[in-house]
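>>> Take this sequence and fold it.
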Amino acid sequence: MRSKIIGFVIGLTVLGTGLLIFFNFFEIADYDKDIPPSKESEVNQYLALDRWLQSNEFSVRTQNDADLETLKAAPENIILIQSNLVDWNNEIIAWLDRWVRNGGVLILCLDYYRSWNGDDPLGIYLEKIGLGTWQVPEGSSYSYSRAPDAVYFSRNIIFSEPHRSSLVLRDENNFIRLVQVKIGRGQITVTGRPSFMLSSQLEREANARLSWYLFAGPAVSDKSVLFVRGTRRSVGIFGRFFQRGNFSLIITSCLFLIAVGFWTAIPMFGVARSGEKEGRALAERFLAEGRFFRRYKSLDVYRAAYLKEIRRKLAGRKKCSDDEIIERAALVWAGGVPEVTRAFRGELKQKDDFLKSIVILKTILERI
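Numbers count the residues shown, from 1 in each chain. The predicted structure is shown next:
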């Protein structure tokens, strides 16, 4: 009974000491944990927009590129096209014009178009509906400013004053960045790269308002969207490594290692180091091997390797008896059958017998 009381007191003391240490040296506090973006968000820069539209009962479909047949087969009422993903020709332009006049909503993102000439079908059509690009005069300069509460427009496209439009949006520098034109029962919205739709920018109120207006504005009657905007590749570990500016260093290091490998491994490129020590004489190494096998009583194993190779080479595909093998070996060695027989069948009890037998077998093997 007494021992149980002592054990209880000791356990209680240890528990109390542990609690005292815990409350005095440990603290429970909130902390921020950085969670890397998912693979889906890395591939799809517009993931937040897609989920936002889907949560509002929009059907969303994405294409990497589009041709005339793809556009004709599309049942959606809203189509967003990045211009560099379509091989523009007069047939596609004519079909899109008819589609818009019949109530379609086209959002055209010009990517890296800066100007268009008379041979460009898309440029001819944009000029026809009253749109042209404006180029900053050569020699002039302006400081671009971007207000934090303004729409995040792409800076690659600046439009001239359109001939006709229903909506013109300018940035904080008073440059025209988005133009919307009514055509028939539909409308065309033309802008640069839709940076304001990116997942990283959609949390701003101005970007969200403009995005919602383009997909759910007064001219929109059907909640179905086709995005022709392509997809990005997910960046792997090697891509991230090269992304940090180490590509030239890696290539240089690889070429250096290849050159060193040729220099050290191929004689014609020179010797890796001078003054190398010459190896021991073959006879001396041969004796060292023999002493090793004799020490561990394995001389027969050493000899068996020679015998096996001699039998294989002399017998060939025919099955020969040991006597026939010995006679053939004696002819090769030209030293007499008795000595060959002792080399093949003799018991190796002494070093001299071993050496003599191995010399005979080695000579036979070299002459076959």
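>>> In the stretch 151-300 of the chain, where is pLDDT below threshold?
Along the stretch 151-300 of the chain, the model assigns pLDDT under 70 to residues 232-247, 262-287, 289-300.
>>> where along it do the strands fall?
Ranges of strands within the stretch 151-300 of the chain are 167-170, 176-183, 186-191, 224-228, based on DSSP state E, counting those that start in this stretch.
>>> Determine which of these approaches Ala216 most closely.
Nearest to Ala216 among the strands of the stretch 151-300 of the chain is strand 224-228; the distance by C-beta to C-beta comes to 10.2 Å. Where you see a C-beta, it was placed from the backbone N, CA and C, and this is true even at glycine.
>>> ok, the nearest residue to Arg204 once chain neighbours are set aside - contacts?
Nearest non-adjacent residue to Arg204, counting by C-beta to C-beta, 6 or more residues apart in numbering: Tyr152, 6.8 Å away. Residues counted as contacts of Tyr152 (C-beta atoms under 8 Å, 6 or more residues apart in numbering) are Arg146, Ser195, Phe196, Leu198, Gln201, Arg204, Ala206, Asn207.
>>> likewise Lys33?
If you count contacts by C-beta under 8 Å, 6+ apart, then Lys33 has nothing around it.
>>> Helix, strand or coil: sort out it for me.
The three-state assignment at Lys33 reads coil, by DSSP: H, G, I helix; E, B strand; the rest coil.
>>> still on that earlier bit, deepest in the core, which of the strands of the stretch 151-300 of the chain is it.
Mean neighbour counts were taken over the strands of the stretch 151-300 of the chain using mean count of other C-beta atoms under 10 Å, and the top value, a mean of 23, falls to strand 186-191.
>>> got the angle for that one vs strand 176-183?
Calculated by axes from the mean of the first three to the mean of the last three C-alpha atoms, to 10 degrees, strand 186-191 forms an angle of 170 degrees with strand 176-183.
>>> gap between strand 186-191 and the chain center?
Strand 186-191 has its average C-alpha position 37 Å from the chain's average C-alpha position, going by C-alpha atoms, centre = their mean, to the nearest Å.
>>> by contact count, what packs against it?
Identification of packing neighbours for strand 186-191 by 3 or more C-beta pairs under 8 Å, 6 or more residues apart in numbering; DSSP states H and E yields helix 90-101, strand 105-109, strand 176-183.
>>> export the longest one as PDB, just CAs?
Read that as helix 90-101. Once non-C-alpha atoms are left out, helix 90-101 reads as follows in PDB (Å, rounded to 0.1, in the frame of the first residue of the first chain):
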ATOM      1  CA  ASN A  90     -12.300  36.400 -94.800                       C
ATOM      2  CA  GLU A  91     -14.500  33.400 -94.200                       C
ATOM      3  CA  ILE A  92     -14.100  33.500 -90.400                       C
ATOM      4  CA  ILE A  93     -14.600  37.300 -90.400                       C
ATOM      5  CA  ALA A  94     -17.800  37.000 -92.500                       C
ATOM      6  CA  TRP A  95     -19.300  34.300 -90.300                       C
ATOM      7  CA  LEU A  96     -18.500  36.200 -87.100                       C
ATOM      8  CA  ASP A  97     -20.100  39.300 -88.500                       C
ATOM      9  CA  ARG A  98     -23.300  37.400 -89.300                       C
ATOM     10  CA  TRP A  99     -23.200  35.700 -85.900                       C
ATOM     11  CA  VAL A 100     -22.900  39.000 -84.100                       C
ATOM     12  CA  ARG A 101     -25.700  40.600 -86.200                       C
END
